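Participant: Please work out how this folds:
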Amino acid sequence: MAAPKDKPVILLVDDDPLISDTLGYFLGRDYTVLTASRRKEAITLLRQAESAPAVALIDLGLPPTPHAPDEGFALIAAILAHSPHIRIIVLSGQSEEANARHARALGATEFVSKPASPEEILELIQHVLSFNDSATQIENGLVGNSTAMQNLRAQIKQFAPSPFPVLIEGESGSGKELVASGLHRYAKRTNEPYLTLNCAAISPHLMEATLFGHGKGAFTGATGARSGYFEDAAGGTLFLDEIGELPLELQPKLLRVLENNEFQRIGETHSRHTAARIVAATNRDLKKEVREGRFRADLYHRLSVFTINVPPVRELGADRLQLFEHFCTLYSTQTGFPAFQLNQKTTERLLAYSFPGNVRELRNIVIRLITKHAGKILTLPELEAELDIAGAASIAAVSAVSPAPTFATSAELVAYALRELKTQHEFSLDATLRHWEEAYIEAARQLAHDNLSQVARLLGINRTTLYNRIDALGRAKRPPSQ
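Facilitator: So this is what the prediction gives:
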């Protein structure tokens, strides 16, 4: 059933029927509330909705693992893959500080521990909606003067006039959609349509009709003919976000469009023509997807005539501070709250943080800080309370185990070892190596949400070796038997 147009939509995901019923009834006076008890059910509701919900209110502990946060973390990622501008409020009994920090780094705007009153939740929903979503558009472009940002803007202007496809690669939350809109803006197609289709947001069995349209009677319920995105884009730009989610069986049809600009509506035999320019984006490693048989090699090569890599925030240097100040000014103007200030220590800490959730995380940090500390000079604890320290450490750990680590030269490592040997009176090489091994395993477990097969891949060892090392570390911690 379509939601009433005069009520914003809220997605409520909780496996406790008492909470779902109570909040659904209370919030239903001001909002249309869609309820689900599992991640898969919530994703189905998102795909069926005529428009994306304004807010998602979710629990972390969902079946089949209600006593762990993994399903909730996965749901945050899935919701933002579907619609990056949904505001997410986590309402959870999984209230450990590390869970709250990681949920916020993944893209949640707020984290509320259970129990919380319906009145408190309503007030929080109204508050997060007061931050206008249009504010996420960064001056119709990309903020920063670093070499990486200058190169990115140069690539956009260089590739924009071409009719050939562009593949935009980058981590979740890094701003790939801004690059796509920039390609359209600097092209000679500015007055033509600019359409966006998120391939993760459409049910696979509806994807073909959505892209190519259908004729009357093509399938049950097709009471009339309907155009698809390729027709509606006309001579403009069609941005296919999350292209890695495109079903394998549809990939040959997209390849045909890229090769000769022709397609067929479902249920029709004659070909139609499109002049749309295709821009695609992904946060997956499509080369790996090709190797593992989940993405066609010929389609990958057609999409990647031009490739633009959007740098993660951690590689932007001082641009992080400029972006941070930009959002602070933007939301201060929008809400009327006086901007907070950074002193030298908080500025240094900000520049040392890796922002595992990229621009989305940075933006949400600013929203929380301007709400809690408007007009103040931030202290270090106030800033660090909003940072996902464990998530940032996981990012560092993955970099450290890469084939060509860049975090330190051999000389720097030797200098570090010299300092350790000079300052520790009872140095133990075995204990030091054990601590490093334990830290890397823990960092990889956090990054992989305790999926031990993925942990082993991150660490470059097989799963049996990982089990043996975890067991050995556990034995080393146990006191000797009496």
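
Participant: What are the boundaries of the helices in the stretch 301-450 of the chain?
Facilitator: 319-335, 344-352, 358-372, 380-384, 389-400, 410-423, 429-447 (DSSP state H, counting those that start in this stretch).

Participant: Pull up the distance across stretch 459-468, start to finish.
Facilitator: 14 Å (Cα to Cα, to the nearest Å).

Participant: what mean pLDDT does that stretch have?
Facilitator: Averaged across stretch 459-468, the pLDDT comes to 81.

Participant: can you pull out the strands in this structure?
Facilitator: For the chain, applying DSSP state E gives strands covering 9-13, 32-36, 55-58, 87-92, 110-113, 166-169, 194-198, 237-241, 262-263, 272-273, 277-282, 306-309.

Participant: Go through these and name the closest to residue 363.
Facilitator: strand 87-92 (11.0 Å; Cβ to Cβ). The C-beta positions use only the backbone N, C-alpha and C, and glycine is treated the same way.

Participant: That closest one pairs with which strands?
Facilitator: strand 55-58 (parallel), strand 110-113 (parallel) (DSSP bridges).

Participant: Reformat those strands as a markdown table; add mean neighbour count and mean pLDDT.
Facilitator: Below are those laid out as a markdown table (neighbours: other Cβ atoms under 10 Å; pLDDT from 0 to 100):
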| stretch | mean neighbour count | mean pLDDT |
| --- | --- | --- |
| strand 55-58 | 26 | 94 |
| strand 110-113 | 18 | 88 |
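
Participant: would CSV of those with distance to residue 148 be doable?
Facilitator: Rendered in CSV, the data for the strands paired with strand 87-92 read as follows (distance: least, Cβ to Cβ, whole Å):
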stretch, distance to residue 148
strand 55-58, 32
strand 110-113, 31
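
Participant: Tell me which of those sits nearest to residue 195.
Facilitator: For these, the distance to residue 195 is smallest for strand 55-58, at 24.3 Å, taking Cβ to Cβ.

Participant: which residues are contacting the closest one?
Facilitator: The set of residues external to strand 55-58 that reach it, using Cβ atoms under 8 Å, 6 or more residues apart in numbering, is 8, 10-14, 23, 31, 42, 72, 75-76, 79, 86-92, 121, 125, 128-129.

Participant: Just the buried ones from those?
Facilitator: Burial by neighbour count, 16 or more other Cβ atoms under 10 Å: within those this picks out 10-14, 23, 31, 42, 72, 75-76, 79, 86-92, 121, 125, 128-129.

Participant: Settle this for me: residue 255 is touching residue 300, isn't it.
Facilitator: No: taking Cβ atoms under 8 Å as the definition, residue 255 is not a contact partner of residue 300, at 9.8 Å.

Participant: roughly how far apart are the closest residue to residue 448 other than its chain neighbours and residue 123?
Facilitator: Leaving aside its chain neighbours, residue 448 sits nearest to residue 454 (3.8 Å; criterion: Cβ to Cβ, 6 or more residues apart in numbering). Plainly put, residue 454 is 39 Å away from residue 123 if you go by Cβ to Cβ, to the nearest Å.

Participant: same question, residue 47
Facilitator: The gap separating residue 47 from residue 123 is 30 Å, by Cβ to Cβ.

Participant: same thing with residue 359?
Facilitator: 27 Å.
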